[in-house]
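Undergrad: Sequence first, then the predicted structure:
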Amino acid sequence: MKNTPSVEDHLEIYRKMLLVRHLEEGLGTLHKEGRTRGPIHRCDGQEAVGVAATAVLEAGDKVATTHRGHAVYIGKGMAMRPVIAEIFGRATGACAGRAGHMLIADAGKGVIGGNAIVGAGIPAAAGMALSMQVLGQPNVAMCVFGDGAAQTGICHEAMNMAGLWKLPMVFVLEHNQFGLTVPSDVQSPVEDLAMRAAGYAMPSEIVDGNDAVAVYRAVAAMAERARRGEGPGMVECKTYRVEGFSTSDMGGYQKPEDIAAWKARDPLARSRRTLLADIEEARLMEIEAAAKAEVDAAFALALDDPMPIFAIDEACNPYSEAH
């Protein structure tokens, strides 16, 4: 089938999903131990969207994501240690300890960054797409955003501009059923948010967001047409947030049976079953063990890294002798 990832491509997607899952679980453990600062927004169960969507991107492509963007960071090629170091404010972090877990960026990898403002990554990606178009670059810009962000005005403004100017842009809607603690069915009068794309003259596709191969196929098709100058497209990925909004979430608003049902559709388990048709289980087990060891080592190194030293400009320091 067209745009289907090769077995090796799928294997790499699976490996990165494993990395993200171990990252999220490690962050959850450290939060319980009181070793994190502020809330952490985990993406357990949603790894297939961020990892498989970014797997179709090329080195010169750009991606903007959300406050729940760990899968996008790793999917686009960022290394684990600088991501963890940044989350814990270390000098070795991807942004020298200044960004925290919601705002991580890496220009060299094409990661414009996460964003703590709901929906704000969408116009940022539109701006990058316009730049690519003006400069005649053969690249695309991707924005990964949630169903909560889909209700914001800036989302519709960016979609309108992208459709009007035929920007090389892919809208990846990570529909995880909740905006903060509010179910999507009381935020929107329509169940399938992708239907809105037609209003901006762009095609759309709805896929199972827990099926990494389905996400890859759909996003690859939209990226291809965008590169050809045919304008933007949208892919709505239906998934579920099995953890709370953040580690500070008190819970109680998600039905236990819903969480259980979605955990039974775990994207990692689904990819593993698919890969077993072509890959020996022994090799998968080696990859799984290596992924766990890589994350454990990255945590150990990052947590032992130094804190940044921020210099104070004496000319602006009200406590200096100059004042």
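TA: On my side now, so go ahead.

Undergrad: count of residues packed around residue 184?
TA: By the measure other C-beta atoms under 10 Å, the count of residues near residue 184 is 19. All C-beta atoms are positioned from the backbone trio N, CA, C, and that covers glycine.

Undergrad: try residue 158
TA: 27.

Undergrad: Just give the nearest non-adjacent residue to residue 295, would you?
TA: Spatially, and ignoring its direct neighbours in sequence, residue 295 is nearest to residue 22 (3.9 Å; C-beta to C-beta, 6 or more residues apart in numbering).

Undergrad: Relative to residue 183, how far out is that neighbour?
TA: Going from residue 22 to residue 183 by C-beta to C-beta, to the nearest Å gives 29 Å.

Undergrad: Out of the two, name the residue with the larger neighbour count.
TA: A direct count of neighbours by other C-beta under 10 Å for residue 22 and residue 183 places residue 22 higher, at 20 against 15.

Undergrad: Isn't that one up against residue 290?
TA: No: with contact defined as C-beta atoms under 8 Å, residue 22 does not reach residue 290; the gap is 10.9 Å.

Undergrad: where do the strands sit along the stretch 201-323 of the chain?
TA: With DSSP state E, counting those that start in this stretch, the ranges of strands along the stretch 201-323 of the chain come out as 204-208, 233-238.

Undergrad: actually the stretch 51-200 of the chain, not the one I wrote
TA: Under DSSP E, counting those that start in this stretch, the stretch 51-200 of the chain gives strands at 62-64, 111-113, 141-146, 169-175, 178-179, 182-183.

Undergrad: and the ones you listed as JSON lines, adding mean pLDDT?
TA: Converted to JSON lines, these look like this (pLDDT from 0 to 100):
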{"stretch": "strand 62-64", "mean pLDDT": "98"}
{"stretch": "strand 111-113", "mean pLDDT": "94"}
{"stretch": "strand 141-146", "mean pLDDT": "97"}
{"stretch": "strand 169-175", "mean pLDDT": "97"}
{"stretch": "strand 178-179", "mean pLDDT": "84"}
{"stretch": "strand 182-183", "mean pLDDT": "82"}
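
Undergrad: can you tell which of those is closest to residue 300?
TA: Nearest to residue 300 among those is strand 111-113 (24.0 Å), distances taken as C-beta to C-beta.

Undergrad: Does that closest one pack against any helices or strands, and if so which?
TA: strand 62-64, helix 121-135 (3 or more C-beta pairs under 8 Å, 6 or more residues apart in numbering; DSSP states H and E).

Undergrad: Could you identify which of these is most buried?
TA: strand 62-64 (a mean of 26; mean count of other C-beta atoms under 10 Å).

Undergrad: For stretch 203-218, buried residues please.
TA: 203-218 (16 or more other C-beta atoms under 10 Å).

Undergrad: Can I get that stretch in CSV? Just the C-alpha atoms.
TA: C-alpha atoms of stretch 203-218 as CSV (Å, rounded to 0.1, in the frame of the first residue of the first chain):
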residue,chain,number,x,y,z
PRO,A,203,-8.4,17.6,2.5
SER,A,204,-8.6,15.6,5.7
GLU,A,205,-8.4,12.1,6.9
ILE,A,206,-9.5,10.5,10.2
VAL,A,207,-7.4,7.6,11.5
ASP,A,208,-6.9,5.4,14.5
GLY,A,209,-4.3,7.3,16.4
ASN,A,210,-3.2,4.2,18.2
ASP,A,211,-2.2,2.5,15.0
ALA,A,212,1.3,3.8,14.1
VAL,A,213,1.1,2.5,10.5
ALA,A,214,-2.2,4.2,9.9
VAL,A,215,-0.9,7.5,11.2
TYR,A,216,2.2,7.3,9.1
ARG,A,217,0.3,6.5,5.9
ALA,A,218,-2.2,9.4,6.3
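
Undergrad: Identify whichever of the strands of the stretch 201-323 of the chain lies nearest to residue 30.
TA: For residue 30, the closest of these is strand 233-238, at 28.3 Å, according to C-beta to C-beta.

Undergrad: which residues sit against that closest one?
TA: 48-49, 53, 159, 170-175, 192-194, 197, 202-210, 215, 218-219, 221-222, 225-226 (C-beta atoms under 8 Å, 6 or more residues apart in numbering).

Undergrad: Give the rounded mean pLDDT of that strand.
TA: Averaging pLDDT along strand 233-238 gives 98.

Undergrad: coming back round to it: of all the strands of the stretch 201-323 of the chain, which one comes closest to residue 299?
TA: Using C-beta to C-beta, those put strand 233-238 closest to residue 299, at 28.4 Å.

Undergrad: Contacts only, for residue 5.
TA: So residue 5 contacts 13, 52, 55, 213, 216, 217 (C-beta under 8 Å, 6+ apart).
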